[in-house]
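In: here is a sequence with its predicted model. Questions after.
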There are 2 protein chains.
Amino acid sequence: MKLSQKVAVMQHSPIRKFNRYAREAEEKGIKVYRLNIGQPDVKTPECFMEAVKSFDEKIVAYAESEGTESLQRAISEYFKRYGIDFKKEEIMVTDGGSEALSMIFHSILDEGDEVLIAEPFYTNYHNFVTAAGGKIVPLTAKAEDGYDYAKKELIEGAITEKTRAICCTSPGNPTGRVLSEEDMRLIGELAQKHDLWIISDEVYREFVYDGKRITSFGAMKEFSDRVIIADSISKRFSACGARIGCIASKNPDITDAIMKLAQGRLSSPTLEQVGAAALYGLGNDYYNEVVEEYRGRRDAAYEELMKIPGAFCLKPAGAFYMMARLPVADVEDFLMFLLTQFEDRGETVMFAPAEGFYATPGLGKDEMRIAYVLNRDDMRRGVELIRLGIEKYNGR
Amino acid sequence: MKLSQKVAVMQHSPIRKFNRYAREAEEKGIKVYRLNIGQPDVKTPECFMEAVKSFDEKIVAYAESEGTESLQRAISEYFKRYGIDFKKEEIMVTDGGSEALSMIFHSILDEGDEVLIAEPFYTNYHNFVTAAGGKIVPLTAKAEDGYDYAKKELIEGAITEKTRAICCTSPGNPTGRVLSEEDMRLIGELAQKHDLWIISDEVYREFVYDGKRITSFGAMKEFSDRVIIADSISKRFSACGARIGCIASKNPDITDAIMKLAQGRLSSPTLEQVGAAALYGLGNDYYNEVVEEYRGRRDAAYEELMKIPGAFCLKPAGAFYMMARLPVADVEDFLMFLLTQFEDRGETVMFAPAEGFYATPGLGKDEMRIAYVLNRDDMRRGVELIRLGIEKYNGR
């Protein structure tokens, strides 16, 4: 029996595929600092479980395909705080940001169509675009250049007659890059000129540091006919396991296309939508506290990274990831070493090798991504373990 | 901006697209009996919410991509009662049966590949197969013939070099057809001969009536290398809104392919998996009671249907749907009449027009599907309203 080509070319998640070795290390009694995955150790706000526990219907029934009305309303209200205007009918609830992106790509891509995405990018974009039959055309961004990709020549040089969209993640995973309004205007104008969709993945919207402003393509009225927002409660509210996200757009054609896909999978989970609606009611105090927490974690991790001789890293302006070049030739091999041959006082560490975050072959082999999702002390210790590991690995 | 062709050719769910008119009727104060959707009014067993409420982690974290270990184990144990042997590693938890089917088709279909499915079939198969780039080749089954499609000539006549799989739903939605072991052996042998996958959608496994035996492709060892089971808790436990299903297969290649897709969307909802694991612990008393309840509903609905002059219906042997030919030329037009121009004592009724359950153009125009998911009295009244509606509609 044949398997599909499109799945055959997909990789196992570079973020998750080393889990097995981490588990084996743990079974040997070694503590593994997991810096590989964007699973924060920040508590999910209690209002989530309180809302879930108060669910008192006798039947856990299908929700509406577009999401429960109360969650659509709660998201619509939440958007207003950033000057983003989406009516509830323009918001479709999805199974996390993952399904949001998957549905968007299915809606706009046929076999061979292209999407521009700055690399390094969130590795699962590979799968979402490939499953939809499309192809990622990377806009290569470099740490030395601030991971800037909002450049006319770079973008226009990559556009072909098959290009359907430009997809931006801001704040960015894995780079922490935050687009300025000027960047966004340039991207928007190029999208207009070449008649492209703008897919804006804004799941880290609030996580910006050092006085950077929160921006959203959803607030730029001049591009509203072509903007499709992908969003999620996972990171914002540390509720990754709820699998609740949304798609928002003012373009009725895309809303109609998404609705067909949404009806096809019936609905998003009912209980988790009840919890999510409560989360969207949280006020500024919540956001201020969480953002301050992540800023502190970033600073701690960055400080420790700077102690690794030969490492290079751009201090991220947003989200909660850091890309770093390490003084090793093959980061995957180094990670295997950390998980199978290394320990310091009974502890080791895990990160995500960066090769999977690139579309251009050969890039990222000496880079890693870490997620600063653990508390400051754990971040310091985790990065210290990377440093100690490099000493041992290169000294073999 | 362009939308994808594959979504352009998709239909809005024929099961859900009349919702708007039903809601408008309800706003006018009319009670609508909803026989269109497989949303049972049977209570979700209390152990589901009890388990969810006892969740006491501080973080609603990602689950494993393949599902929580406790849910995998619970499903593995459950399968044993039917002689189905799947180890926990051979079971992957999905976002409902919908995602299970979607992942299966993505794993085996490339652009232009074909899947054999008996028609009428569950309408969302259209979307799952189309989104994966594939094409449904229908095996037309007729009520007069007991919806039998396990016929050598029919199946072999439809196989081409592009055929990748035969997909069976037993007990069947919308026909209620239950495959016998003999049927299954024939299908299995043809799949072997032509090297096809066997996709077995068994979400209604327990819902068989009149002494029919519960059968599963999972229990047929001779075909185990090519069998892929799609399953779900939605119908079995009246927990449609939980969106928990699974894929089970003993073929390591398909498991590996599915795992890539599973990692790409990270995980299924965490809380709902906690609830689902509890449901799988229910014993025979639960199943006996529920199956008896549906049998009674079927009989009530069937009896009322037989009172409609000119209607034709095969009494279903399983699942909880009934296909019926009505004495009207255009069932969709009749449904619009019911929702917008008809009422009897302040009540009307909604069903699913059957055209969307066929792949062959022109079939199903005078057929409807009803779901016998409401209690017996409501089923009787719902079907009575169809009868009264036909009198008014044809008498205009």
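Out: Perfect, thanks for sending it.
In: now do the strands in chain A.
Out: A:31-34, A:91-94, A:114-119, A:135-140, A:163-169, A:197-201, A:227-232, A:245-249, A:312-313, A:321-325, A:347-350, A:352-353, A:367-371 (DSSP state E).
In: does chain B sit close to the second one?
Out: Right, strand A:91-94. No. Between strand A:91-94 and chain B, judged by CB under 8 Å from any CB of the partner chain, nothing touches; the nearest distance is 10.3 Å. No exception for glycine: its C-beta is placed from N, CA and C like everyone else's.
In: helices or strands up against that strand?
Out: helix A:69-80, strand A:245-249, helix A:252-264 (3 or more CB pairs under 8 Å, 6 or more residues apart in numbering or on different chains; DSSP states H and E).
In: try it again with 10 Å
Out: helix A:69-80, helix A:96-108, strand A:227-232, strand A:245-249, helix A:252-264, helix A:270-279 (3 or more CB pairs under 10 Å, 6 or more residues apart in numbering or on different chains; DSSP states H and E).
In: hmm, back to that, using CSV, lay out the strands of chain A together with mean neighbour count and mean pLDDT.
Out: CSV is the format used below for the strands of chain A (neighbours: other CB atoms under 10 Å in any protein chain shown; pLDDT from 0 to 100):
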stretch, mean neighbour count, mean pLDDT
strand A:31-34, 19, 97
strand A:91-94, 26, 98
strand A:114-119, 24, 98
strand A:135-140, 19, 97
strand A:163-169, 24, 98
strand A:197-201, 27, 98
strand A:227-232, 27, 98
strand A:245-249, 27, 98
strand A:312-313, 18, 95
strand A:321-325, 24, 96
strand A:347-350, 23, 98
strand A:352-353, 27, 94
strand A:367-371, 26, 96
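In: which of those sits closest to B:E66?
Out: B:E66 lies closest to strand A:31-34 among the strands of chain A, at 17.6 Å (CB to CB).
In: of all residues in chain A, which one is nearest the centre?
Out: A:N173 (5.0 Å; CA atoms, centre = their mean).
In: report the contact partners of the closest residue to that one other than its chain neighbours.
Out: Excluding the flanking residues, the one nearest A:N173 by CB to CB, 6 or more residues apart in numbering or on different chains is A:Y122, at 4.7 Å. Contacts for A:Y122 (CB atoms under 10 Å, 6 or more residues apart in numbering or on different chains) come out as A:15, A:38, A:97-98, A:101, A:128, A:167, A:169, A:172-174, A:201, A:203, A:319, A:321, A:356-357, A:369.
In: now do 7 Å
Out: Counting by CB atoms under 7 Å, 6 or more residues apart in numbering or on different chains, A:Y122 touches A:169, A:173-174.
In: mind putting these into CSV with distance to B:A191?
Out: Output for these, formatted as CSV (distance: CB to CB, whole Å):
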residue, distance to B:A191
A:T169, 43
A:N173, 43
A:P174, 44
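In: which parts of the stretch 101-250 of chain A sit against chain B?
Out: Residues of the stretch 101-250 of chain A found near chain B (CB under 7 Å from any CB of the partner chain) are A:102, A:106-111, A:124, A:127-128, A:131, A:133, A:164, A:195-197, A:226, A:238-243.
In: related to what we said a few turns ago, wait, which of the helices and strands packed on strand A:91-94 is closest to B:E156?
Out: With CB to CB as the yardstick, what comes closest out of those is helix A:252-264 (30.2 Å).
In: now do that closest one against strand A:245-249: the angle between them, please.
Out: 150 degrees (axes from the mean of the first three to the mean of the last three CA atoms, to 10 degrees).
In: helix A:252-264 - contacts with which helices or strands?
Out: strand A:91-94, helix A:96-108, helix B:5-8, helix B:125-131 (3 or more CB pairs under 7 Å, 6 or more residues apart in numbering or on different chains; DSSP states H and E).
In: show me what the longest one is packed against.
Out: Right, helix A:96-108. helix A:125-131, strand A:197-201, strand A:227-232, strand A:245-249, helix A:252-264.
In: so what does the fourth one touch, helix or strand wise?
Out: Judged by 3+ CB pairs under 7 Å, 6+ apart, the packing partners of strand A:245-249 are strand A:91-94, helix A:96-108, strand A:227-232.
In: go through chain A and flag its longest helix.
Out: Counting by DSSP state H, the longest helix found in chain A is helix A:284-305.
In: same question for that one: list its buried residues.
Out: A:286-287, A:290-291, A:293-295, A:297-298, A:300-302, A:304-305 (16 or more other CB atoms under 10 Å in any protein chain shown).
In: please save the CA atoms from that helix in PDB.
Out: Output in PDB follows, covering the C-alpha atoms of helix A:284-305 (Å, rounded to 0.1, in the frame of the first residue of the first chain):
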ATOM      1  CA  ASN A 284      -4.500  44.400  32.100                       C
ATOM      2  CA  ASP A 285      -3.100  43.200  35.500                       C
ATOM      3  CA  TYR A 286      -2.900  39.700  34.100                       C
ATOM      4  CA  TYR A 287      -1.100  40.800  30.900                       C
ATOM      5  CA  ASN A 288       1.300  43.100  32.700                       C
ATOM      6  CA  GLU A 289       2.300  40.400  35.200                       C
ATOM      7  CA  VAL A 290       2.900  37.700  32.600                       C
ATOM      8  CA  VAL A 291       4.800  39.900  30.200                       C
ATOM      9  CA  GLU A 292       7.100  41.100  33.000                       C
ATOM     10  CA  GLU A 293       7.600  37.400  34.000                       C
ATOM     11  CA  TYR A 294       8.700  36.500  30.400                       C
ATOM     12  CA  ARG A 295      10.900  39.500  30.100                       C
ATOM     13  CA  GLY A 296      12.800  38.400  33.300                       C
ATOM     14  CA  ARG A 297      13.200  34.900  31.900                       C
ATOM     15  CA  ARG A 298      14.500  36.200  28.600                       C
ATOM     16  CA  ASP A 299      17.000  38.300  30.400                       C
ATOM     17  CA  ALA A 300      18.200  35.400  32.600                       C
ATOM     18  CA  ALA A 301      18.500  33.100  29.600                       C
ATOM     19  CA  TYR A 302      20.300  35.700  27.500                       C
ATOM     20  CA  GLU A 303      22.800  36.500  30.200                       C
ATOM     21  CA  GLU A 304      23.700  32.900  30.600                       C
ATOM     22  CA  LEU A 305      23.900  32.400  26.800                       C
END
